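Undergrad: Need a 3D model of the sequence below.
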Amino acid sequence: MQITKPHAALLASPGMGHLIPVLELGNRLVNHHNLHITVFVVAASDITTEKISQLLDSSPNDHLDVMLLPSVDISGIVDPDTNMVTKIVVTMHESLPALRSAISGMKIRPTALIVDLFGTGAMPIADEFEMLKYVFIASNAWFLATTIYAPFVDKKVLDDEHVDQKKPLKIPGCSSVRFEDTLEAFLDSNDPLYHGYLSVGREISTADGILVNTWEDLEPKSLRALRDGKLLGGVAKAPVYPIGPLARTVGPVSENRVLEWLDMQPSESVIYVSFGSGGTLSSKQMIELAWGLELSQQRFIWVVRPPLENDVSGSFFTVGNGSMGTVDYLPDGFLNRIHNVGLVVPMWAPQAQILEHPSIGAFLSHCGWNSTLESITNGIPMIAWPLYAEQKMNATMLTEELKVSVRSKELPTERIVERQEIEMMVRKVMLDNERLGIKNKVKELKTSALKASSKGGSSYNSLSQLTQDCENRLQCLKVKAQGA
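TA: Below you'll find the model as predicted:
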């Protein structure tokens, strides 16, 4: 296909959670800003050519191409028990030669490279090919501010005061990060993840710009801090473009028993329970959750994965033990007792379609930012159940600042949340008077999100400014080249 539009390339880290927002950004740049986009996808176990085709079929676009880079073997580099974030970082590094080769072989090379959080190591390749380089943060502005500020925090403050003494980590101009909400990367200064994460934070500010999946009215304080160099000690050097919300596009779905079941339920009567593509629970926690849902007497859809054998919740892209062909990990008689009000779905469900269904009244979520935005843009209140990564920060923002969710008294990763508390949380967002305030607030955010991303809205204009800045820079480079 001959490319007649300005051309940019996007690089997606391994995993559907990374690929989906990158594809949504690509679609937005094509449909609203007249670019041609090539998305380079680093291979992962949950990403196949077939899966990519399904995603593209849901929002077909003649000016968006996807190239799956060859898979790399990192078994000789990292231990099998190494945490998933480190594995992603190593995989991205080992995929750089394939990316360089792919760009070199393109008849018309992109004029800009946009990488996600774990792709900052690819920015020197952009320099090699004289491409502009941008970083896309698929999470929120508070997380971005924490990431780029942390490398410049005195080691005594980060290690001794924050981790050892468990004092909040102060982020100038932003909300502080409580120790219980902190990122796993900060917990052990001897772990390669610690140094790798701080390195990523430094690299982000060397980009020509930073795109972040939020919008002005959602996070005015954090965005102000990112733009005011004095507030973050001058470390936020790159322009910041809030371009969200980029939430999953709802495409056509073949016949699905979950959606058919939802069609038969009353409006806003069902709570959807899912922990994302990487979240699993312990056996004990799964039993308590089952009893809590049953005791609440509310309709529900629960996407279930086999449990872990440890005593706490929280796994990052780890499949639990057991077989999905059995229900040994659910309470005896549970499925028979709830068959009129609940639906247990093994492994996967069409989440975007479920959350936009009028029968959904609340979402018990792991607080991944993709799921959070899907919930907000559909006006759905949440029960926050964070498991890993920045989800604990997200849960605090949703509950204490935005006030669109409720949460357990203690983190689910620290202790078992018992059935009585689960029952109370479900009833609070589905029945109690408190739900009205939460519901009204999330409806306001839904309206705000739609306004931001519509033509003339803050995020639309921000992405327009990005494309204009890109064109201006390219013109300067052309003039410079002609002068040489």
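Undergrad: so where's the stretch 351-484 of the chain shaky on pLDDT?
TA: For the stretch 351-484 of the chain, applying pLDDT under 70 flags the ranges 473-474, 477, 484.
Undergrad: Could you give the separation of the strand or helix carrying Ile20 from the chain centroid?
TA: Assessed by DSSP states H and E, Ile20 sits inside helix 16-33. Centroid separation for helix 16-33 versus its chain: 13 Å, with CA atoms, centre = their mean, to the nearest Å.
Undergrad: One more: stretch 370-389?
TA: Mean C-alpha position of stretch 370-389 versus that of the full chain (CA atoms, centre = their mean) differs by 10 Å.
Undergrad: Could you do stretch 94-110 as well?
TA: So, by CA atoms, centre = their mean, the centroid of stretch 94-110 is 26 Å from its chain's centroid.
Undergrad: Could you tell me the end-to-end distance of it?
TA: 22 Å (CA to CA, to the nearest Å).
Undergrad: which parts of that stretch are buried?
TA: Across stretch 94-110, burial judged by 16 or more other CB atoms under 10 Å covers Ser95, Leu96, Ala98, Leu99, Ala102, Ile103, Pro110. In short, each C-beta sits where N, CA and C put it, glycine included.
Undergrad: Check whether the last one sits in a helix, strand or coil.
TA: Per DSSP: H, G, I helix; E, B strand; the rest coil, the local secondary structure of Pro110 is coil.
Undergrad: hang on, the earlier thing: tell me the helices and strands packed up against the helix holding Ile20.
TA: Helix 16-33 makes packing contacts with strand 7-12, strand 36-42, helix 49-58, strand 64-69, strand 112-116, strand 132-137, helix 369-377, helix 458-483 when contacts are defined by 3 or more CB pairs under 8 Å, 6 or more residues apart in numbering; DSSP states H and E.
Undergrad: closest to Leu387 out of the ones you listed?
TA: Each of those has some distance to Leu387 by CB to CB; the shortest is helix 369-377, at 11.5 Å.
Undergrad: what comes into contact with the closest one?
TA: 17, 20-21, 138-140, 143, 213, 244-248, 274, 276, 351-352, 355, 363, 365, 381-382, 390, 394, 398, 404, 442, 445-446, 449-450 (CB atoms under 8 Å, 6 or more residues apart in numbering).
Undergrad: C-terminal to that helix, which secondary structure element comes first?
TA: Going down the chain from helix 369-377, the next helix or strand is strand 382-384, by DSSP H and E.
Undergrad: and stretch 225-238, how far apart are its ends?
TA: For stretch 225-238, the end-to-end distance is 13 Å (CA to CA).
Undergrad: mean confidence for it?
TA: Averaging pLDDT along stretch 225-238 gives 76.
Undergrad: before we move on, what about stretch 85-102?
TA: Rounded mean pLDDT across stretch 85-102 is 92.
Undergrad: His357: what secondary structure?
TA: Secondary structure for His357, judged by three-state DSSP, is coil.
Undergrad: so what's the backbone phi/psi at it?
TA: phi -70, psi 140 (degrees, to the nearest 10).
Undergrad: That one: neighbouring residues, count only.
TA: 20 (other CB atoms under 10 Å).
Undergrad: Quick one: residues contacting it.
TA: Contacts for His357 (CB under 8 Å, 6+ apart) come out as Leu259, Leu262.
Undergrad: that older thread, just the ones in helices from the buried residues of stretch 94-110, please.
TA: Residues of the buried residues of stretch 94-110 located in helices (DSSP state H): Leu96, Ala98, Leu99, Ala102, Ile103.
Undergrad: Leaving out chain neighbours, which residue sits closest to the second one?
TA: Taking CB to CB, 6 or more residues apart in numbering, and ignoring the residues beside it in sequence, Ala98 has Leu69 as its nearest neighbour in space, at 4.5 Å.
Undergrad: residues touching that neighbour, list them.
TA: So Leu69 contacts Phe40, Val41, Val42, Ala43, Ser95, Ala98, Leu99, Ala102 (CB under 8 Å, 6+ apart).
Undergrad: what does Pro381 give?
TA: Gly361, Ala362, Phe363, Ser375, Val404, Ser405, Val429, Arg435, Ile438, Lys439, Val442.
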